[in-house]
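Student: Sharing a model that was predicted from the sequence below.
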Amino acid sequence: MDSTNLEYHPPGVDMNNWKLPENLRWSFQHMAEFLPTATISRGEGPMAQLAEAYRDLDSVILPAAFPGEVPMSVGSVMASTETDGWMLLHRGRVLTEQYFGEMMPGSQHLLMSMSKSLIGAVAGALHDSGVLDTEAQLTDYLPELAEAGYAGATVRQLLDMRSGIEFSENYLDPLAGIRKLEEAIGWALCKAPGPTGVYPYLTTLLRKTAHGGVFEYRSCETDVLGWVCEAASGSTMPELMSDLVWGRIGAESDASIGIDQYGTGVFDGGINATMRDMACFGSLFLNDGLSLTGERVLSAEWIEQTLAGAPDSRDAFAASPGEYLMPGGMYRNQMWFPYAGNDVVLCLGIHGQMVYINRPAQVVAVKLSSWPLPQDPARLFPTLRAFDAIAAALLVEIQTAPATDAPVAI
């Protein structure tokens with residue numbers, strides 16, 4: 001385990017400046033110091049015991065993406081992408097775990113939109129228990145939406161981000177829907193009068209196309225999904241997350257979630273957690289819904305249908321108006337599939353948050369970051385390629401293990 005502790009506390013960080021590039025590394029690890037949060041308890045269940053089998057993964061070389069590309073190593077990718085911490089599990093063993101700046105093993109880090117995958121897991125657990133019908137209309141659970149743009153949409157369409165709601169995710173546009181949402185929840189200074197709170201904001205959204213069309217990434221979908229989960233269960237999201245997911249994955253630490261002025265969770269991107277615990281979460285998708293402690297969190301059927309997608313999931317992804325640079329990929333149950341097939345599954349968050357799951361190689365990797373820009377393909381895809389390169393080397397080890405006891409050098 002590598003850790004370099006260089007404490008730095010920017011003066012006067014608040015909701016008005018916490019997303020400035022110079023403040024991100026600190027603010028992403030100290031959200032509760034300037035914004036309201038609620039605890040997601042790990043409960044009393046057993047902690048996952050992560051065995052350590054450290055190796056030099058930094059020196060693994062990435063295959064060239066194009067002729068003449070300057071060779072990159074895993075270490076150089078991590079050093080050039082504002083990494084706060086990264087780790088990799090292979091068959092439940094920690095092969096590397098590294099922290100930078102002031103981040104430590106117990107540090108909660110803002111997950112941004114990796115939070116969506118956790119909310120999707122809560123929805124999956126509620127579906128498994130019969131509490132939530134994914135084919136039901138939203139108004140079956142939320143009559144408040146009967147006159148809103150979401151009227152007529154289904155839970156399934158939220159899970160796959162295929163409603164017809166008008167909402168811009170352009171992070172660089174101060175007038176985009178995502179920025180208006182941040183103002184409504186108190187994550188940014190209000191520039192104009194508008195609704196206060198997550199739920200009041202969601203009721204103002206309008207429909208632009210028929211529900212059930214192409215995929216379009218919209219954070220508001222997850223906020224409505226979380227609202228539906230609360231309405232269907234009669235419990236708050238921190239309670240649901242603790243009871244159904246966080247208390248069952250073998251987490252070492254409590255997590256937390258940002259809340260609005262009324263105590264409602266910021267479901268689309270407000271969860272804070274440790275890197276090790278996110279590795280435990282990712283392991284569910286290697287183990288057909290079982291945690292590293294052997295506890296059932298999600299049904300094998302939920303995992304299977306997540307991996308399979310709908311018959312038209314990839315067509316809906318390809319037809320999306322967004323530019324996701326993932327040909328052949330899809331989005332299903334709040335998870336990303338960057339390639340054709342389902343070997344690799346991702347949880348993603350802006351500013352460089354990633355959980356990488358490679359099923360054939362039995363790898364789960366986590367990277368928590370503080371990129372200056374919300375979206376940056378020049379940082380995202382080298383990270384993905386770095387994890388692919390390690391997974392490819394470890395897959396060779398799996399394939400050759402019956403013939404030799406010696407590990408393959410990577």
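Tutor: Received the coordinates, thanks. Numbers count the residues shown, from 1 in each chain.

Student: Spit out the contact partners of Arg93.
Tutor: With contact taken as CB atoms under 8 Å, 6 or more residues apart in numbering, Arg93 is in contact with Leu50, Ala51, Glu52, Ala53. Bear in mind the C-beta positions are built from the backbone N, C-alpha and C, glycine included.

Student: so which of these is the most crowded?
Tutor: Leu50 (19 neighbours; other CB atoms under 10 Å).

Student: Return the member of the contacts of Arg93 nearest to Leu206.
Tutor: Closest approach to Leu206 among these (CB to CB): Leu50, at 46.7 Å.

Student: what kind of secondary structure is the closest residue to that closest one other than its chain neighbours in?
Tutor: Counting by CB to CB, 6 or more residues apart in numbering, Leu50 lies nearest to Val94, which is 5.1 Å off, once chain neighbours are set aside. Three-state call for Val94 (DSSP: H, G, I helix; E, B strand; the rest coil): strand.

Student: so Val94 bridges to which residues?
Tutor: Counting by DSSP bridges, Val94 forms beta bridges with Glu52, Leu89.

Student: which residues does the residue sitting nearest the centre point of the chain contact?
Tutor: What sits nearest the mean C-alpha location of the chain, by CA atoms, centre = their mean, is Met114, with 1.4 Å. Contact analysis of Met114 by CB under 8 Å, 6+ apart lists Ile271, Met278, Cys347, Leu348, Gly349, Gln353, Met354, Val355.

Student: Mind picking the two most distant members of these?
Tutor: Ile271 and Met354 (14.7 Å).

Student: Which one of these two is surrounded by more residues?
Tutor: Between Ile271 and Met354, counting by other CB under 10 Å, Ile271 is the more crowded of the two (33 against 22).

Student: The more buried one and Ile40 touch, don't they?
Tutor: Yes. Under the criterion of CB atoms under 8 Å, Ile271 makes contact with Ile40 at 7.2 Å.

Student: Name the residues contacting each of those two.
Tutor: Met241, Ala255, Ser256, Ile257.

Student: List buried members of those by neighbour count.
Tutor: Neighbour counting by 16 or more other CB atoms under 10 Å classes Met241, Ala255, Ser256, Ile257 among the shared contacts of Ile271 and Ile40 as buried.

Student: circling back to that earlier point, how confident was the prediction at the residue nearest to the centre of the chain?
Tutor: If you check Met114, the pLDDT there is 98.

Student: Val131 falls within a strand, correct?
Tutor: No. Going by three-state DSSP, the assignment for Val131 is coil, not a strand.

Student: Surely it and Ser233 touch.
Tutor: Yes. Using CB under 8 Å, Val131 makes contact with Ser233 at a distance of 5.6 Å.
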